[in-house]
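Participant: When you get a sec, could you give me coordinates for this:
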Amino acid sequence: MSKESIVLRAHTSEKATRLMDEENTISVIVDRRATKHDIKRFFEETFKVKVVKIRVLITSRGEKKAYIKLAPGYNARELATKLGIV
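Facilitator: Below is the predicted model:
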């Protein structure tokens, strides 16, 4: 899968902001064909962070949302700034 097409857009909500601050987790909308492995590789190679866990779900709109938990020592808020979320 092409790197450019994995992350479609950032997801912002109250829950996403809380997860960013409390659990060091960032949420994004990704391509429905992207696997957890594709998403992990994209974030680790593009942003030079260590991903601990990825959870995905399909929203009621039919979009695939990914929650990416970063390893201690990496800051989700800084990554969100790079993505233009914050």
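Participant: Let me see the ranges of the strands in the protein.
Facilitator: Along the chain, counting by DSSP state E, strands occupy 7-10, 25-30, 51-58, 64-70.
Participant: residues in contact with the last one?
Facilitator: Taking Cβ atoms under 8 Å, 6 or more residues apart in numbering as the criterion, the residues outside strand 64-70 that touch it are 11, 19, 23-32, 34, 36, 39-40, 43, 49-59, 76, 79. Using the backbone N, CA and C atoms, a C-beta is placed for each residue, glycine as well.
Participant: Most tightly packed of the strands of the chain?
Facilitator: The highest mean neighbour count among the strands of the chain, using mean count of other Cβ atoms under 10 Å, belongs to strand 25-30: a mean of 22.
Participant: other SSEs contacting the helix or strand bottoming out on mean pLDDT in the chain?
Facilitator: Least confident helix or strand of the chain, by mean pLDDT, DSSP states H and E, is strand 7-10 with a mean of 84. For strand 7-10, the elements it packs on are strand 25-30, helix 76-83, judged by 3 or more Cβ pairs under 8 Å, 6 or more residues apart in numbering; DSSP states H and E.
Participant: between the strands of the chain, which gets nearest to residue 85?
Facilitator: Of all the strands of the chain, strand 7-10 sits nearest to residue 85, with 4.3 Å by Cβ to Cβ.
Participant: can you pull the contacts of residue 55?
Facilitator: Residue 55 neighbours (Cβ under 8 Å, 6+ apart): 66-67, 69.
Participant: how about TSV for those, with pLDDT added?
Facilitator: Listed next are these as TSV, based on pLDDT from 0 to 100:
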residue	pLDDT
66	95
67	96
69	96
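Participant: Same list, those residues, but as TSV with distance to residue 5 please.
Facilitator: Output for the contacts of residue 55, formatted as TSV (distance: Cβ to Cβ, whole Å):
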residue	distance to residue 5
66	14
67	20
69	23
